[in-house]
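[1] what's the 3D shape of this:
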Amino acid sequence: MVRAGEGASLIEDFRTQSLVAIGWSALGDLSRYATRADFALAVEQAMPELKPGQRASAAGQTYRFVHEIAVSDHVVSYDPDSRVYLLGSITGAYAYRPAHLAEFPNERSVRWLGSVPRDALSVAARNSLGAISTLFLLPPQVGQEVLSRLSQPSAKPHESVQPTQTEEDSQEDIYRDVQSKGFEFIKDKVNALDWEDMQELVASLLRAMGYKTRISPKGSDRGKDIVASPDGFGFEDPRIVVEVKHREGSAIGSQQIRSFLGGRHDHDKGLYVSTGGFTKDARYEAERGRIPVMLMDLDDLVRALLEHYERMDVEMQRLVPLRKVYWPA
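    Numbering: from 1, shown residues only. Model prediction:
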């Protein structure tokens with residue numbers, strides 16, 4: 001697994017330019033270092049602010065990227081907007097390209113073979129794939145499951161894969177790992193809702209934030225699914241017009257944003273919820289729109305859900321049941 005930067009910000013570069021890349025740009029050209037000890041010393045000198053466990057992790061991951069990953073090895077990266085894992089095969093040796101992807105100058109070329117929906121995998125496989133490290137080796141069973149889903153995408157997930165422990169874990173690393181995996185599993189739960197439940201969830205979230213809501217009857221929204229306002233009638237500002245799209249793997253484009261904005265009044269505020277994400281053009285269209293509009297993807301929706309969960313309707317808490325997990329401060 002090679003992650004595509006913070007929030008998978010490089011996933012389109014990975015996909016369109018047939019590569020995977022990692023950061024640690026302060027180390028320079030990684031081909032200068034031959035052994036694990038060389039990498040450890042380089043990390044210590046270039047990034048002295050890191051804790052010992054973080055330095056060991058950085059040295060280990062950069063060493064593997066250069067010296068352990070071989071041509072023809074399989075590689076996986078995750079696209080959270082489409083909720084798919086890209087699966088490919090390494091086609092070239094390590095290359096240092098500092099002028100290409102800015103803070104991610106360390107590259108390996110890839111031939112992408114296809115993609116596997118996260119929901120097609122077993123819970124244990126998703127757990128293993130959810131580790132927080134930039135680069136890590138998948139257990140053989142997980143690799144086999146991903147490959148099998150590529151050739152048989154409709155096969156039923158099995159639960160035989162056991163999650164593995166990550167190496168060199170500090171307490172902070174374990175906490176971040178649990179937090180990251182928990183967030184992904186909550187996203188799975190929310191994404192599994194049908195469209196009507198998703199609409200009710202968004203309305204409940206707005207009520208938890210202090211607004212009163214009106215939900216449009218099915219099939220007659222005319223560009224709005226929910227209207228939220230302080231009085232519930234839309235007379236008091238702010239009047240928030242909400243569109244909810246719940247289509248897996250289908251990103252909203254600029255034309256849909258233009259259509260949404262075209263029917264709004266001058267003092268309206270817009271909220272466009274899309275669990276399939278948004279294209280770059282859609283985000284640009286929203287930024288230059290004549291009224292303020294917030295684009296909320298699945299990650300944003302789940303973060304808002306977690307922030308306001310305790311104030312949400314009991315019915316919605318039953319729809320997405322969550323429990324608190326306490327951790328030493």
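[2] quick one: contacts for K245?
    K245 makes contact with I252, Q256, Y272, V273, S274, T275, G276, according to Cβ atoms under 8 Å, 6 or more residues apart in numbering. (Glycine included, C-beta is placed from N, CA and C.)
[3] so how far is stretch 41-49 off the chain centroid?
    29 Å (Cα atoms, centre = their mean, to the nearest Å).
[4] give the buried residues for it.
    A42, V43 (16 or more other Cβ atoms under 10 Å).
[5] rounded mean pLDDT for that stretch, please.
    Stretch 41-49 carries an average pLDDT of 95.
[6] now it - C-alpha only, CSV.
    Written as CSV, here are the backbone C-alpha positions of stretch 41-49 (Å, rounded to 0.1, in the frame of the first residue of the first chain):
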residue,chain,number,x,y,z
LEU,A,41,21.1,8.5,10.1
ALA,A,42,19.8,10.6,7.2
VAL,A,43,16.4,11.0,8.9
GLU,A,44,18.0,11.9,12.3
GLN,A,45,20.1,14.6,10.7
ALA,A,46,17.4,16.0,8.3
MET,A,47,14.5,15.8,10.7
PRO,A,48,15.8,16.0,14.3
GLU,A,49,12.4,17.3,15.5
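[7] okay if I get the contacts of K245 as CSV plus pLDDT, neighbour count and secondary structure?
    Shown next, in CSV, are the contacts of K245 (pLDDT from 0 to 100; neighbours: other Cβ atoms under 10 Å; DSSP: H, G, I helix; E, B strand; the rest coil):
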residue, pLDDT, neighbour count, secondary structure
I252, 92, 26, strand
Q256, 94, 19, helix
Y272, 96, 22, strand
V273, 96, 25, strand
S274, 94, 24, strand
T275, 92, 26, coil
G276, 90, 18, coil
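[8] among these, which two are most distant?
    Farthest apart among the contacts of K245 by Cβ to Cβ are Q256 and T275. That separation is 14.0 Å.
[9] picking that back up, would you list the contacts of K245 in JSON lines and tack on distance to T62?
    Formatted as JSON lines, the contacts of K245 follow (distance: Cβ to Cβ, whole Å):
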{"residue": "I252", "distance to T62": "37"}
{"residue": "Q256", "distance to T62": "41"}
{"residue": "Y272", "distance to T62": "40"}
{"residue": "V273", "distance to T62": "39"}
{"residue": "S274", "distance to T62": "36"}
{"residue": "T275", "distance to T62": "35"}
{"residue": "G276", "distance to T62": "34"}
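[10] let me know the closest of those residues to D29.
    The closest of the contacts of K245, once distances to D29 are taken by Cβ to Cβ, is G276, at 39.1 Å.
[11] would you confirm that that closest one contacts Q256?
    No. Using Cβ atoms under 8 Å, G276 makes no contact with Q256, being 10.9 Å away.
[12] quick revisit: which of the contacts of K245 lies closest to D177?
    The shortest gap between D177 and any of the contacts of K245 belongs to T275, at 24.6 Å (Cβ to Cβ).
[13] helix, strand or coil for K269?
    Three-state call for K269 (DSSP: H, G, I helix; E, B strand; the rest coil): strand.
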